[in-house]
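[1] whatever this is, show me its structure:
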Amino acid sequence: MFGDPMTLPPFHPQRFELSNEVHARPPQPLETPSRLSCIVVIAGQAEREKAIEQIRELSLRFKAQPPDLDTIYTSADLGPFRLTFERHAEFMRFTFTVSGAAALPFDEPAVGAVPDDWIAALPGEVIVAAHVAIVRSNQTSLDIGAVSRDHFAGQMLIGSELLNAAATAFTDFRIHGDGFSRFLVHDRSMSRWQSGRIVQRLLEIDTYRVMALLALPVARELAPRLSQQERELSQITSAMVNATEADEAVLLDRLSRLQAAIEDRHSSTHYRFSAASAYYDIVQTRIADLRERRIEGLQTFEEFTERRLAPAMNTCRAVAARQVALAERVARATQLLSTRVDITRERHSQSVLESMNERAALQLRLQETVEGLSVAAVTYYVVGLIFYAAKALQALGVGLDPNIVAGFSIPVVVIMVALGVRSIRNWLLPKRGKDAAAAR
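    The predicted model follows:
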């Protein structure tokens with residue numbers, strides 16, 4: 001029957017998690033007027049766990065259901081205010097929302113409804129803090145000077161009409177005396193969900209803009225070091241042109257140390273530069289979602305970020321690319337010098353082998369000489385024995401002349417001794433070859 005559940009194969013263990021990912025951190029519907037305060041902190045794993053414990057404690061303090069310990073997003077109405085918590089890869093965002101108007105919204109921010117001791121105990125380091133005020137406006141034209149004086153201490157404003165003129169948003173992207181930046185949203189005809197999306201986009205633009213800029217100090221610190229390493233590489237490669245064999249080992253050691261220093265720095269900065277690029281892409285996407293329309297005399301959010309953030313990101317990309325190019329150049333120089341060192345070693349090895357061959361030939365000639373002397377010595381002693389034997393026989397009455405017997409025995413003895421020595425040598429050589437092969 002239509003609508004009955006079907007029998008399906010087993011679900012992938014991450015099916016529901018991945019399907020629900022598109023619904024993660026949804027915007028909250030906002031009434032007009034409303035005030036919001038957002039605090040973004042950079043925190044490690046231990047600090048994130050502490051933040052969850054604090055949220056659970058705050059929920060219990062206001063008699064609300066506490067979130068799970070492993071939550072990455074939660075939103076709860078605690079009575080005087082709504083708390084929204086988001087956990088990201090590098091930071092956590094706490095957003096506090098209060099409904100209702102105020103004469104001066106930034107003088108009565110939403111964070112004022114949160115217990116001071118709880119705010120002071122938040123873990124991590126604040127990287128972004130912002131107030132948002134949503135007010136009703138039916139005016140077709142606004143006095144920009146009055147908006148700046150009343151809400152932004154007379155600072156130059158950035159702003160535009162949003163969602164095809166359904167709202168107007170202003171900010172100065174400055175940190176005011178209370179440590180917060182400010183966004184003022186004039187609601188003309190937005191729905192509650194549109195208001196929630198617009199505020200979420202504005203806060204994300206502010207957050208990711210600052211997170212992207214974390215790479216800029218790294219790039220500024222890295223640039224002079226790269227210049228120094230490039231000069232050192234240039235010196236080494238120049239020295240390689242006329243380097244002798246004695247210089248190659250020293251140059252290779254310098255190159256190895258330089259390569260290690262570059263790789264160490266690259267590993268420590270690669271994530272920061274990659275994250276900055278990703279954050280910048282998010283900023284551009286969120287600005288496009290605003291569907292801005294220019295207000296005469298003001299920079300739009302897109303113009304401001306392109307003029308201020310884009311050059312910083314270009315600097316970061318240039319330094320990152322420069323670092324990668326330097327690492328590749330050092331790797332090529334190291335490979336080239338290593339090849340030269342290997343050739344030198346092979347040449348030395350060849351010389352050693354030739355020297356060993358010469359010594360082996362000399363040992364062979366010396367061995368042959370010794371064999372000849374050995375034959376003469378053995379012949380001398382054997383002929384001597386024959387002489388004494390013939391003399392003994394003569395004494396027994398045998399008619400032999402010992403001198404004649406000894407003289408005629410010399411050629412015979414020489415031949416027999418020489419053949420014996422050769423037989424022994426021929427027997428030993430194959431055995432020695434077998435032993436060497438077994439050893440290998």
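[2] from here on, contacts and neighbour counts on C-alpha atoms
    Noted.
[3] where's the residue nearest in space to the middle of the chain, which helix or strand?
    With distances taken as C-alpha atoms, centre = their mean, Ser267 lies nearest the centre of the chain, 3.9 Å away. Assigned by DSSP states H and E, Ser267 falls within helix 245-290.
[4] C-terminal to that helix, what's the next element?
    strand 293-294.
[5] neighbouring contacts of that following strand?
    By C-alpha atoms under 8 Å, 6 or more residues apart in numbering, the list of residues contacting strand 293-294 from outside reads 159-162, 164-165, 300.
[6] what's near enough to touch the residue nearest to the centre of the chain?
    No contacts exist for Ser267 under C-alpha under 8 Å, 6+ apart.
[7] now do the SS call for the residue sitting furthest away from the middle of the chain.
    Residue distances from the centre of the chain (C-alpha atoms, centre = their mean) peak at Gly397, which lies 106.4 Å from the mean C-alpha position. Per DSSP: H, G, I helix; E, B strand; the rest coil, the secondary structure class of Gly397 is coil.
[8] let me know the pLDDT of it.
    pLDDT, Gly397: 74.
[9] ramachandran coordinates for it?
    Backbone torsions for Gly397, taken as degrees, to the nearest 10, come to phi 100, psi 0.
[10] kindly report the same for the one 10 residues further on.
    In this entry, Gly407 is assigned phi and psi values of phi -70, psi -40 (degrees, to the nearest 10).
[11] and the chain, what are its domains?
    With domains defined by automatic domain parsing, the chain comprises 25-207, 215-350, 359-431.
[12] follow-up on the earlier one: of the contacts of strand 293-294 - the most surrounded one?
    Gly159 (27 neighbours; other C-alpha atoms under 10 Å).
[13] report how many residues lie close to the closest residue to Glu245 other than its chain neighbours.
    Take Glu245 and drop its neighbours on the chain: the residue closest to it by C-alpha to C-alpha, 6 or more residues apart in numbering is Thr344, 7.1 Å away. Counted with other C-alpha under 10 Å, the neighbours of Thr344 add up to 14.
[14] I figured Thr344 hits Asp247, correct?
    No. Judged on C-alpha atoms under 8 Å, Thr344 makes no contact with Asp247 at a distance of 11.6 Å.
[15] secondary structure element for the residue nearest to Glu245?
    helix 301-395.
[16] from Ala103, how far off is Arg317?
    Going from Arg317 to Ala103 by C-alpha to C-alpha, to the nearest Å gives 45 Å.
[17] can you give me the neighbour number for the nearest residue to Leu326 once chain neighbours are set aside?
    Excluding its sequence neighbours, the residue lying closest to Leu326 (C-alpha to C-alpha, 6+ apart) is Glu230, at 7.1 Å. Each residue near Glu230 was counted by other C-alpha under 10 Å, and the total is 19.
[18] now do whichever strand or helix holds Glu230, average pLDDT.
    Taking DSSP H and E as the criterion, Glu230 maps to helix 215-241. On average, the pLDDT along helix 215-241 is 91.
[19] now the angle between helix 245-290 and that helix, please.
    150 degrees (axes from the mean of the first three to the mean of the last three C-alpha atoms, to 10 degrees).
[20] show me what helix 215-241 is packed against.
    helix 245-290, helix 301-395 (3 or more C-alpha pairs under 8 Å, 6 or more residues apart in numbering; DSSP states H and E).
[21] tell me the gap between the first one and the middle of its chain.
    Relative to the centre of its chain, helix 245-290 is centred 8 Å away, using C-alpha atoms, centre = their mean, to the nearest Å.
[22] now the nearest residue to Phe81 once chain neighbours are set aside: which helix or strand?
    Closest residue to Phe81 apart from its sequence neighbours, by C-alpha to C-alpha, 6+ apart: Val98 at 5.0 Å. Here Val98 is covered by strand 91-99, with elements defined by DSSP H and E.
[23] can you check Arg197 too?
    Here Arg197, judged by DSSP H and E, is contained in helix 192-213.
[24] buried stuff in that helix?
    By 16 or more other C-alpha atoms under 10 Å, the buried positions in helix 192-213 come out as 194-213.
[25] next one: stretch 310-325
    By 16+ other C-alpha under 10 Å, the buried positions in stretch 310-325 come out as 312-313, 315-317, 319-320, 322-323.
[26] need the residues that contact stretch 389-399.
    Stretch 389-399 is touched from outside by 400-402, 405-406, with contacts defined as C-alpha under 8 Å, 6+ apart.
[27] now the helices and strands packed on helix 215-241 in JSON lines, with distance to Phe183?
    Formatted as JSON lines, those follow (distance: least, C-alpha to C-alpha, whole Å):
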{"stretch": "helix 245-290", "distance to Phe183": "14"}
{"stretch": "helix 301-395", "distance to Phe183": "12"}
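[28] mind putting the contacts of stretch 389-399 into TSV with pLDDT, neighbour count and distance to Ala261?
    Formatted as TSV, the contacts of stretch 389-399 follow (pLDDT from 0 to 100; neighbours: other C-alpha atoms under 10 Å; distance: C-alpha to C-alpha, whole Å):
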residue	pLDDT	neighbour count	distance to Ala261
Leu400	73	14	96
Asp401	75	13	94
Pro402	73	17	91
Val405	70	16	89
Ala406	70	21	86
